[in-house]
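Colleague: What shape does this take:
(one chain, ligands or ions: 2)
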Amino acid sequence: MESTFKEIGDRQSVLDLDPKSAVGGGVEDVYGEDRATEDQLVTPWTFSVASGYSLLRDPQYNKGLAFTEKERDAHYLRGLLPPIILSQQLQEKKLMQNIRQYQVPLQKYISLMELQERNERLFYKLLIDNVEELLPVVYTPTVGEACQKYGSIFKRPQGLYISLKEKGKILEVLKNWPERTIQAIVVTDGERILGLGDLGCQGMGIPVGKLSLYTALGGLRPSACLPITIDVGTNNEQLLKNEFYIGLRQRRATGKEYYELLHEFMSAVKQNYGEKVLIQFEDFANHNAFELLAKYRTTHLVFNDDIQGTASVVLAGVVAALKLVGGALAEQKFLFLGAGEAGTGIAELIALEISKQTKAPLEETRKKIWLVDSKGLIVSSRKDSLQNFKKPWAHEHEPVKDLLDAVKVMKPTILIGSSGVGKTFTKEVVEALSSCNDKPIIMALSNPTSQSECTAEEAYTWSKGRAIFASGSPFDPVEYNGKTYVPGQSNNAYIFPGFGLGLIISGAIRVHDEMLLAASEALASQVTKENFDKGLIYPPFSTIRKISAHIAANVAAKAYELGVATRLPRPKDLVKYAENCMYTPVYRNYR
Ligand SMILES: O=C([O-])CC(=O)C(=O)O
Ligand SMILES: [Mg+2]
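Modeller: Ligands and ions are numbered 1, 2, ... in the order given. Okay, the predicted model is just below:
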């Protein structure tokens, strides 16, 4: 009963290529010198691995009621489907109606995950066409709740689980994954899931969600994306006691045991997929995140989304906000609440950008930036007891005990929340900031919504409508004094999909900070006059694929400039090239 069929167009590109651009010619060979072997090209994309009943259960190829008469004949589907044929558009309409009927966001999440498991192209069609509506479902805030309840809602595994039990066998585990050509891995160890803390093995929802965005927002082929959770235990007592918990029932391995497992993982990935596979570290705890990034950035293509992706998106937002407020970046005074991955990552990228603009040394530009942690303002007298990643921010100053006092003393122009702790930008804090700024810039970055430092409504109300506000999780527009204020969403989702695309299309083998600046610059350049007129500092997510193409092009250009790109020759028009490489979820015709 085995039938074979061709997926038209899929052979053309490293990523995926719209058939019409392939037919039109003029598209360069994306494989470059690393052209995949004929064997890789033929399997598995061009021949069906399934037909008939199993074809309907293969999410990569299934089209449900959209199979045509000819396809039903050719692939043994007669009788397995009701007689009607629906277009993809009509399927989309029906599913959106169904999803909108659910009142509870988690129900929407579950139904979307089921769709992804049933009909992948339709899932991505929905996500791309309805990105602003569905992003809060497959991503923050709902994905946070999904991770908290992952054990209870778990039906079928997604992604790859690597636990301490697999120590010594990680290469074999990677080989169990059905796809051989992987371009992007998002990996977590679940220790700091959003601002929700240690969710252990249930953090898997995050790599799954991030990679869905890689495809929907950045155009990577779904089959080239691999979500991974490394399970070294959890220190979350509630999960350890929960009878439905899906992870190892032990406290977290640390030190040598932890680093040996991670090292085996990093080596196995490179051995199995080569040096051009992107490994995105996601939601690791501070104490491991900095160390892993420092250790592997010189040997692997790695990127920490929470340190670097967040930094790049915030820098873009600040640059855009200054167009509304006036003043140069170097004239600002920054105050952060939270000195972890996001806080210090953003601070460093801002300091780098100011150095680039003013030619001042980094040690000087860092002095424009102040950070508050749980013990108060980070100052030089605290240096001995500070973790390494905080030390560059310990400037000369009297001790200041908390955020409110720090705002009063430092009089920052920009306040950034990156502590993972909700409701910390109190009325007093926002009022103090507003008393020294005409247009205070407030970024409440912690996720999900419950952990946001303040809500959009609070920021606008307490600043009497003067704040330029953005947050990590989405907030609806706010009415204040008869005016509508539209908050920005300062989330790394703007950056990482395009950033990854840029790395992949250039065949980059390393990530450098200049590439993050390039991504940031590309994002800021996509804010239109129309956006600014509405007070927006980020372009709407509805245009994200265009934005991603620009980010990818700028990142790829920088990779070529720095000599870390291996795909030669360099395509001339990188924006067009990035666009042509993007996966589109329109159904293919099966011959
Ligand atoms: O996932 C998000 O929405 C942003 C992010 O990386 C985090 O909060 O850890
Ligand atoms: Mg994250």
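
Colleague: what sits against the nearest residue to M204 once chain neighbours are set aside?
Modeller: Closest residue in space to M204, ignoring its immediate chain neighbours: T229 at 4.4 Å, by CB to CB, 6 or more residues apart in numbering. All C-beta spots, glycine's among them, are computed from the backbone N, C-alpha and C. Counting by CB atoms under 8 Å, 6 or more residues apart in numbering, T229 touches G159, L160, Y161, I162, V187, T188, D189, G190, C201, G203, M204, P207.

Colleague: Kindly tell me how buried the last one is, as a neighbour count.
Modeller: Meaning P207. Close neighbours of P207, defined as other CB atoms under 10 Å, add up to 25.

Colleague: hang on, it packs against I228?
Modeller: Yes. The pair P207 / I228 is scored as a contact, 6.1 Å apart, by CB atoms under 8 Å.

Colleague: list residues touching both of these two?
Modeller: G159, V186, V187, T188.

Colleague: tell me, which of these make contact with ligand 1?
Modeller: The subset of those lying close to ligand 1, counting by CB under 6 Å from any ligand atom, is empty.

Colleague: So which of these sit within strands?
Modeller: V186, V187, T188 (DSSP state E).

Colleague: Save those residues as CSV, and put in pLDDT and neighbour count too.
Modeller: Shown next, in CSV, are these (pLDDT from 0 to 100; neighbours: other CB atoms under 10 Å):
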residue, pLDDT, neighbour count
V186, 98, 28
V187, 98, 28
T188, 98, 28
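
Colleague: Tell me the one among those nearest to ligand 2.
Modeller: Nearest to ligand 2 among those is T188, at 8.1 Å by CB to the ion.

Colleague: hey, what's the closest one bridged with?
Modeller: Per DSSP bridges, the residues bridged to T188 are T229.

Colleague: Might you report the residue contacts of it?
Modeller: Taking CB under 8 Å, 6+ apart as the test, what T188 contacts is G203, M204, I206, P207, I228, T229, I230, F281, E282, D283, F284.

Colleague: Just name the closest of those to ligand 1, please.
Modeller: For the contacts of T188, the minimum distance to ligand 1 (CB to the nearest ligand atom) is 5.3 Å, reached by D283.

Colleague: Kindly list the main-chain dihedrals of that closest one?
Modeller: Main-chain torsions, D283, degrees, to the nearest 10: phi 60, psi 40.

Colleague: What sits closest to it if chain neighbours are left out?
Modeller: T188 (4.7 Å).

Colleague: can you check D402 too?
Modeller: Here the residue nearest D402, using CB to CB, 6+ apart, is G376, at 5.9 Å.

Colleague: mind checking how far the residue nearest to L517 when sequence neighbours are not counted is from ligand 1?
Modeller: Distance criterion CB to CB, 6+ apart; nearest residue to L517, sequence neighbours excluded, is E353 at 6.0 Å. From E353 over to ligand 1 the distance is 21 Å, taken as CB to the nearest ligand atom, to the nearest Å.

Colleague: Please report phi then psi for E353.
Modeller: Per-residue torsions, E353: phi -70, psi -40 (degrees, to the nearest 10).

Colleague: In this model A316 seems to touch it, though I could be wrong.
Modeller: No. When contacts are counted by CB under 8 Å, E353 is not listed as touching A316 (10.2 Å).

Colleague: which residues are common contacts for those two?
Modeller: Here E353 and A316 have S520 as joint contacts, going by CB under 8 Å, 6+ apart.

Colleague: Looking at these two, which one has more neighbours?
Modeller: Set E353 next to A316 and count neighbours by other CB under 10 Å: A316 wins out with 27 against 22.

Colleague: And the next helix or strand past the helix or strand hosting the more buried one?
Modeller: A316 belongs to helix 310-325 when assigned by DSSP states H and E. Downstream of helix 310-325, the first helix or strand assigned by DSSP H and E is strand 334-337.

Colleague: mind saving the C-alpha coords of that following strand as PDB?
Modeller: The C-alpha trace of strand 334-337 is given here as PDB (Å, rounded to 0.1, in the frame of the first residue of the first chain):
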ATOM      1  CA  PHE A 334      18.900  54.000  32.800                       C
ATOM      2  CA  LEU A 335      17.600  52.400  35.900                       C
ATOM      3  CA  PHE A 336      16.900  48.700  36.000                       C
ATOM      4  CA  LEU A 337      15.000  46.600  38.500                       C
END
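
Colleague: quick check: mean pLDDT across it?
Modeller: Summarised as a single mean, pLDDT over strand 334-337 is 98.

Colleague: Show me the helices in the stretch 451-591 of the chain, by range?
Modeller: Under the criterion DSSP state H, counting those that start in this stretch, the stretch 451-591 of the chain contains helices at 456-462, 496-506, 513-525, 529-533, 544-562, 574-581.

Colleague: Report the outermost residue of this structure with respect to its centre.
Modeller: Most distant from the centre of the chain: G79, at 41.9 Å, with distances by CA atoms, centre = their mean.

Colleague: For that residue, report the pLDDT, please.
Modeller: Taking G79 on its own, its pLDDT is 97.

Colleague: From A470, how far off is T426?
Modeller: Taking CB to CB, to the nearest Å as the measure, T426 falls 19 Å from A470.

Colleague: quick one, which of these two is more surrounded?
Modeller: Set T426 next to A470 and count neighbours by other CB under 10 Å: A470 wins out with 28 against 15.

Colleague: contacting residues for the more buried one?
Modeller: Taking CB under 8 Å, 6+ apart, one finds G317, A321, I442, M443, A444, P487, G488, Q489, S490, I537, Y538 in contact with A470.

Colleague: tell me which of the ones in strands among the shared contacts of P207 and I228 is nearest to G219?
Modeller: V186 (15.9 Å; CB to CB).
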